[in-house]
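Trainee: mind looking at a prediction? Sequence and model below.
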Amino acid sequence: MAKHGKSREWHEAVIHEYARMMVKNPRSHVFVSMADTCLRAGRAKLALDVLNKGLRWHPALNAAHVQKGRALMALGRLPEAKQSLGYAMRSNAQNVLARKLLARLYLETGEPARGMEMLDEIRRLWPDHEPAAKLYDELRGAIEKEMNGKERAGEREPADTGRREALGTLERWLGNANKMMVKG
């Protein structure tokens, strides 16, 4: 069974229909939906191929760059995924999905402080966004673990100051989010 409770056959039928639509109109934006369905069906390589072809016609289409980042993540091509998601975020600073995916990438690649930076805009716009808050907690845990490991090893780096500031920011944000939830 493919992701999201749909059968593999259902996904394949939808992919086939999107392919038919793309043959009729190669410049259509339907390639983004086709790529999303490919990803949900576990076909990241096909999704990436579809996105690369579609991006030839629409190189600035933000949604396509987000999907490309997802496909690259699924394929384990993390540096390329960061580039694609970074493009999507820079072209629309309020792109919540691009920011969350980048934050996840930074967590997975051992850069939790950078991941926290990606969530700043989400926290500002949507302070009670639960998935972002959960990811933020994971990032905070990774930073604390990293800091505790260095303290045990007797290391002290200037970067510790930045991490401590990031933790302070996180704690203030969580406090504000809790206050907003109580008021709401």
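Mentor: Structure received.

Trainee: domain assignment for this protein?
Mentor: 1-92, 96-184 (automatic domain parsing).

Trainee: chain center to the first one: distance?
Mentor: Which is domain 1-92. Here the centre of domain 1-92 is set off from its chain's centre by 14 Å, with CA atoms, centre = their mean, to the nearest Å.

Trainee: reformat the domains of the chain as TSV; add mean pLDDT and mean neighbour count.
Mentor: For the C-beta atoms, the positions are set from N, CA and C on the backbone; glycine is no exception. Compiled in TSV, the domains of the chain are given as follows (pLDDT from 0 to 100; neighbours: other CB atoms under 10 Å):
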stretch	mean pLDDT	mean neighbour count
domain 1-92	91	18
domain 96-184	73	15
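
Trainee: show me what the helix or strand where V50 lies is packed up against.
Mentor: Using DSSP states H and E, the element containing V50 is helix 44-57. Judged by 3 or more CB pairs under 8 Å, 6 or more residues apart in numbering; DSSP states H and E, the packing partners of helix 44-57 are helix 30-40, helix 62-74.

Trainee: secondary structure class for A60?
Mentor: Following DSSP: H, G, I helix; E, B strand; the rest coil, we place A60 in the coil state.

Trainee: these two touch, right, H58 and P26?
Mentor: No - counting by CB atoms under 8 Å, H58 does not reach P26; the two are 10.9 Å apart.

Trainee: just to revisit the earlier point, can you redo the helices and strands packed on helix 44-57 as CSV with distance to E144?
Mentor: Compiled in CSV, the helices and strands packed on helix 44-57 are given as follows (distance: least, CB to CB, whole Å):
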stretch, distance to E144
helix 30-40, 32
helix 62-74, 25
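
Trainee: out of the ones you listed, nearest to D137?
Mentor: Distance to D137, taken as CB to CB, is lowest for helix 62-74 among those, at 20.6 Å.

Trainee: now do that closest one against helix 44-57, angle only.
Mentor: If you take axes from the mean of the first three to the mean of the last three CA atoms, to 10 degrees, helix 62-74 sits at 150 degrees to helix 44-57.

Trainee: quick one: the very next helix or strand once past helix 62-74 to helix 62-74, angle?
Mentor: Next in sequence after helix 62-74, counting helices and strands by DSSP H and E, comes helix 78-91. With the same axes, to 10 degrees defining the directions, helix 78-91 sits at 160 degrees from helix 62-74.
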